[in-house]
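S.K.: 3D model of this:
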Amino acid sequence: MPVSASENAAPLEGLRVLTLAVNLPGPVAASRLAGLGARVTKVEPPAGDPLALACEPYYRGLLAGQEVVQLDLKADAGRVSLWELLEDTDLLLTSSRPRALERLGLDWESLHARLPRLSQVAIVGHPGAGGDLPGHDLTYQAGAGVLRPPQLPTVLVADLAGAERAVADGLALLLQAARTGRGGRREVALSEVAEAMAEPAGHGLTAPGGLLGGALPGYGIYPTRRGYVAVAALESHFWDALVMALGIGGSRGDLEAAFAARTAAEWEAWGAERGLPIAAIREPGDPTRSTDRSGDDGGTPCS
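M.R.: Numbering: from 1, shown residues only. Below is the predicted model of the structure:
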């Protein structure tokens, strides 16, 4: 796996990734790897990636810097072309059920026997023998106990955290292959990822009434004259500075009364001036959000 020695090179320059993964976790992982300098080729079925139908701008953004090839892997010619691409591949990303990969001759035993230097990250719904069980982010979050019915989740926790885990496992496999000359396989089960993300609640940290679930007045959401603010004055120096600047005693009622006097945007600016962790609560994609996106306006909403 030739890697550029230039200090200015992206860390994965010279490495080749091929992804068969559609929908969300795989494309997000592939985008991260491309951003780190890997040469990413995405193989899509003739019908394309369902994500393109669900949200074209998001799909296009995730494809930046990648080559897209359409192959019908149910046809002999498509499989032949895929194996030709895999000959020069360091890391393969998949998100199909194990049974489907086996039908295509892409099970790990076949891959490893033919291409021993190739590594694979297999994104699945459930671990081990449950890999063929159907599911999506919503059902994984349901199983992990992080949903609050009847609201649907704002963040696709299992999908996005699963993508990051796929990147981490992929990097570990690439390191192993560089050391040993042989590829390996890692399985990322999205249901397990959701359970890992739920651990703070399971331990009571973010559960209702927990330390980060409402017990501390300095860590909460408060209504303002217009909008809401999130306050995260956890450390004593933040908390002491906050109550001193507001001139209050520090009960939740004191904070509610104080924050009602100004708008959320005004409180955010007030906090920034004093080095306090206060943020106005925005809608997803709001171009005025506080994080620097280097001119990115958040993209076009999909509905």
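
S.K.: Where does the prediction get shaky in the stretch 151-300 of the chain?
M.R.: Segments of the stretch 151-300 of the chain classed as low confidence (criterion: pLDDT under 70) are 287-299.

S.K.: Would you state the strands of it in chain order?
M.R.: If you assign secondary structure with DSSP state E, counting those that start in this stretch, the strands in the stretch 151-300 of the chain sit at 185-189, 219-223, 228-232, 278-280.

S.K.: Tell me how far the last one lies from the chain's centre.
M.R.: Yep, that's strand 278-280 we're talking about. How far strand 278-280 lies from its chain's middle: 23 Å, per Cα atoms, centre = their mean, to the nearest Å.

S.K.: how's this structure carved up into domains?
M.R.: Residue ranges for the structural domains of the chain, counted by automatic domain parsing, are given in the record as 16-199, 216-280.

S.K.: who wins for proximity to residue 205 among the ones you listed?
M.R.: Distances from residue 205 to each of the domains of the chain were compared by Cβ to Cβ, and the smallest falls on domain 16-199, at 8.5 Å. Using the backbone N, CA and C atoms, a C-beta is placed for each residue, glycine as well.

S.K.: Look through the chain and tell me its longest helix.
M.R.: With secondary structure taken from DSSP state H, the chain has its longest helix at helix 157-180.

S.K.: just checking, residue 92 is part of a strand?
M.R.: Yes: Residue 92 sits within a strand when classified using DSSP: H, G, I helix; E, B strand; the rest coil.

S.K.: Would you check how far apart it and residue 28 are?
M.R.: Plainly put, residue 92 is 16 Å away from residue 28 if you go by Cβ to Cβ, to the nearest Å.

S.K.: And these two? Which one has more around it.
M.R.: Neighbour comparison, residue 92 and residue 28: the larger count goes to residue 92, with 28 against 23 (by other Cβ atoms under 10 Å).

S.K.: what's the helix or strand for the nearest residue to the more buried one once chain neighbours are set aside?
M.R.: Taking Cβ to Cβ, 6 or more residues apart in numbering as the measure, residue 92 lies nearest to residue 120, with 4.5 Å between them; neighbours along the chain are not counted. Mapping residue 120 onto the secondary structure by DSSP states H and E places it in strand 119-124.

S.K.: strands paired with that strand, and their directions?
M.R.: Each strand pairing with strand 119-124, determined using DSSP bridges, is listed with its direction: strand 91-94 (parallel), strand 185-189 (parallel).

S.K.: between those, which one is nearest to residue 153?
M.R.: It is, among the strands paired with strand 119-124 and with distance given as Cβ to Cβ, strand 185-189, at 18.6 Å.

S.K.: what comes into contact with that closest one?
M.R.: Counting by Cβ atoms under 8 Å, 6 or more residues apart in numbering, the neighbours of strand 185-189 from elsewhere in the structure are 25, 108, 112, 119-128, 130-131, 162, 165-166, 169-170, 172-173.

S.K.: ok, back up a step: possible to save the domains of the chain as a markdown table with distance to residue 206?
M.R.: Written out in a markdown table, the entries for the domains of the chain read as follows (distance: least, Cβ to Cβ, whole Å):
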| stretch | distance to residue 206 |
| --- | --- |
| domain 16-199 | 9 |
| domain 216-280 | 10 |
